[in-house]
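A.B. asks: this is a predicted model, with the sequence first.
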Amino acid sequence: MTPHDVMVHPSPRVRGHVRPPGDKSISHRYALLAAIADGTSTIRGYSTGGDCASTLACLRALGVPIEHSGGDATGLHLRISGRGVRGLQPPASVLDAGNSGSTMRMLTGVLAAHPFTATITGDDSLRRRPMRRVITPLQRMGATIDSADGRPPLTIHGRSALQPIDFSPDVPSAQVKSAVLLAGLQTTGTTRIVEPLSTRDHTERALQAFGVRISAAGREVTLEGGQRLTASTLEVPGDISSAAFWMVAAAALPDSAVTIEGVGLNPTRTAIVDVLRRMGASIEIHAGEQTSGEPIGTIVVRHGPLQAIEIAPEEVPGVIDELPVLGALATHGGELRVSGAQELRVKESDRISALADGFRRMGADIVEAPDGFHVRGRTRLRGGEVDAQHDHRLAMAFAVAALGASEPTTIRDAGAAAVSYPEFFSVLESLRA
């Protein structure tokens, strides 16, 4: 095995307490907004993952002073000195977003309103991902963006006089919505977005935490440009998408119970709870106080008899990040059919194809569809060797599936988990009962 490979042994159960790392989606947004705010913001619990480190590296290259003042495995403590709206400096070289599509899409929205040229690239995986969805609305606003046939690297020729737009995306995407809002914040006039399906609202909440007035009703978001952002003191909740792996492990294995503390309970992110309950898990939620406009609390998950369910297209946006690990749950004796999830094919990997290939190598009964998959947990997995294909969520989903196999499973490129959850495999070992 290479240093990036991990062998996962079967486990009869998982038990314990977990505090997941800071929410990746929220961390990106807090850093980006702090960079264009007036004054110095303090962020506690910033994600330890590689994707969020890429956002900080890009901001530093754009002249933003960022001080790391401590932290632990659950999150970093940062001080970010904002440069004000349209106050970023031209970078001396190409910006590197690493593996982070969030960094590339949302930072492009910020840079579209800056009167200089900047190029953003990424690793091999990111350079294969489509960016036309974010390019098109920003060009409508007046920016000029060069790309490799709609893929990175992106060269943004920004304009300080962007125009607000009314925008209705064809495909629901919180990252695209956020990019348009970040650009619209730097215009004169009203930017309005109407989504086909509601997506996570972290950007809207974060803007309010920085003192911005924004209106959100149903699938419509309206923002008046020209507002200044006021530096803030912010606390990042634990990442529920990271917590989902422990929730599924507890749901999958008999006599299991895992308590997840300090986790974000944003209603646009808790669809995973409803799906797990439908699949048979016993779940208790204990709500706590809000922090920086985001609700937090404790989730307790226990095993229950697994059930067969379907996830319909209209449900997919709410659990898009959790679909691989929900597939892993079905391998433990349940059944899951997913449709309307073609977006999975343009993530860090083709997650549908890669998930199906990995599960088959472990002995699963899985059928791949153009827009989803169907897993039937009729027989126990045998284990084997699988390839995470540089995809953090696949590495962790394969590990959760491997807990129920009859023999060990070797996960190639398991180090990809560090993109969002560097401590994943050490936490996994701590939960083995």
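C.D. replies: Received the coordinates, thanks.
A.B. asks: CA only for contacts and neighbour counts going forward, please
C.D. replies: OK.
A.B. asks: quick one: the helices in the stretch 151-300 of the chain?
C.D. replies: For the stretch 151-300 of the chain, helices defined by DSSP state H, counting those that start in this stretch occupy the ranges 174-184, 202-209, 240-252, 271-278.
A.B. asks: looking at those helices, spot the one closest to Gly70.
C.D. replies: Gly70 lies closest, by CA to CA, to one member of the helices of the stretch 151-300 of the chain: helix 240-252, at 21.7 Å.
A.B. asks: got the angle between the closest one and helix 271-278?
C.D. replies: Using axes from the mean of the first three to the mean of the last three CA atoms, to 10 degrees, the inter-axis angle of helix 240-252 relative to helix 271-278 is 10 degrees.
A.B. asks: now tell me which helix or strand of the chain has the poorest mean pLDDT.
C.D. replies: Least confident helix or strand of the chain, by mean pLDDT, DSSP states H and E, is strand 66-72 with a mean of 90.
A.B. asks: list the neighbouring strands of that strand plus their orientation.
C.D. replies: If you go by DSSP bridges, strand 66-72 pairs up with strand 75-81 (antiparallel).
A.B. asks: mean confidence score for the following helix or strand past the partner strand?
C.D. replies: As assigned by DSSP states H and E, the chain's next helix or strand after strand 75-81 is strand 95-96. In this model, strand 95-96 has a mean pLDDT of 98.
A.B. asks: distance from strand 95-96 to the middle of the chain?
C.D. replies: 19 Å (CA atoms, centre = their mean, to the nearest Å).
A.B. asks: next, the angle from whichever strand or helix holds Val134 to helix 174-184.
C.D. replies: Counting by DSSP H and E, the element that carries Val134 is helix 132-140. Helix 132-140 runs at 20 degrees relative to helix 174-184, counting by the same axes, to 10 degrees.
A.B. asks: so for helix 132-140, what gets flagged as buried?
C.D. replies: With burial defined by 16 or more other CA atoms under 10 Å, the residues of helix 132-140 counted as buried are Arg132, Arg133, Val134, Ile135, Pro137, Leu138, Gln139.
A.B. asks: give me the neighbour count for the residue lying closest to Asp357 once chain neighbours are set aside.
C.D. replies: Distance criterion CA to CA, 6 or more residues apart in numbering; nearest residue to Asp357, sequence neighbours excluded, is Val386 at 8.0 Å. Neighbourhood size, Val386 [other CA atoms under 10 Å]: 25.
A.B. asks: Val386 falls within a strand, correct?
C.D. replies: Yes: assigned with DSSP: H, G, I helix; E, B strand; the rest coil, Val386 falls within a strand.
A.B. asks: and it, how far from Ile411?
C.D. replies: Taking CA to CA, to the nearest Å as the measure, Val386 falls 5 Å from Ile411.
A.B. asks: neighbours around the nearest residue to Ala183 once chain neighbours are set aside, how many?
C.D. replies: Distance criterion CA to CA, 6+ apart; nearest residue to Ala183, sequence neighbours excluded, is Gly109 at 4.9 Å. Counted with other CA under 10 Å, residues neighbouring Gly109 total 29.
A.B. asks: tell me the contacts of Gly109?
C.D. replies: Leu138, Ser178, Ala179, Val180, Leu181, Leu182, Ala183 (CA atoms under 8 Å, 6 or more residues apart in numbering).
A.B. asks: mark out where each domain of this structure begins and ends.
C.D. replies: The chain is divided into the following domains under automatic domain parsing: 6-21+237-431, 24-235.
A.B. asks: just to revisit the earlier point, same for the helix holding Val134, what does it pack against?
C.D. replies: strand 144-148, helix 174-184 (3 or more CA pairs under 8 Å, 6 or more residues apart in numbering; DSSP states H and E).
A.B. asks: in TSV: those, plus mean pLDDT and distance to Leu394.
C.D. replies: Compiled in TSV, the helices and strands packed on helix 132-140 are given as follows (pLDDT from 0 to 100; distance: least, CA to CA, whole Å):
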stretch	mean pLDDT	distance to Leu394
strand 144-148	97	27
helix 174-184	97	21
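A.B. asks: pipe these into CSV and attach mean neighbour count and distance to Ala308 per row.
C.D. replies: Shown next, in CSV, are the helices and strands packed on helix 132-140 (neighbours: other CA atoms under 10 Å; distance: least, CA to CA, whole Å):
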stretch, mean neighbour count, distance to Ala308
strand 144-148, 17, 43
helix 174-184, 26, 29
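A.B. asks: those into CSV, with extra columns for distance to Gly304?
C.D. replies: Output for the helices and strands packed on helix 132-140, formatted as CSV (distance: least, CA to CA, whole Å):
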stretch, distance to Gly304
strand 144-148, 49
helix 174-184, 33
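A.B. asks: nearest to Met247, of these?
C.D. replies: Among these, helix 174-184 sits nearest to Met247 (CA to CA), with 23.7 Å.
A.B. asks: CA atoms only: put the closest one into CSV for me.
C.D. replies: Extracted C-alpha coordinates of helix 174-184, given in CSV (Å, rounded to 0.1, in the frame of the first residue of the first chain):
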residue,chain,number,x,y,z
ALA,A,174,-25.9,27.0,-4.3
GLN,A,175,-22.4,27.8,-5.5
VAL,A,176,-23.7,29.5,-8.7
LYS,A,177,-26.4,31.4,-6.7
SER,A,178,-23.6,32.5,-4.3
ALA,A,179,-21.3,33.7,-7.2
VAL,A,180,-24.1,35.8,-8.6
LEU,A,181,-25.0,37.3,-5.2
LEU,A,182,-21.3,38.1,-4.5
ALA,A,183,-21.1,39.9,-7.8
GLY,A,184,-24.5,41.5,-7.3
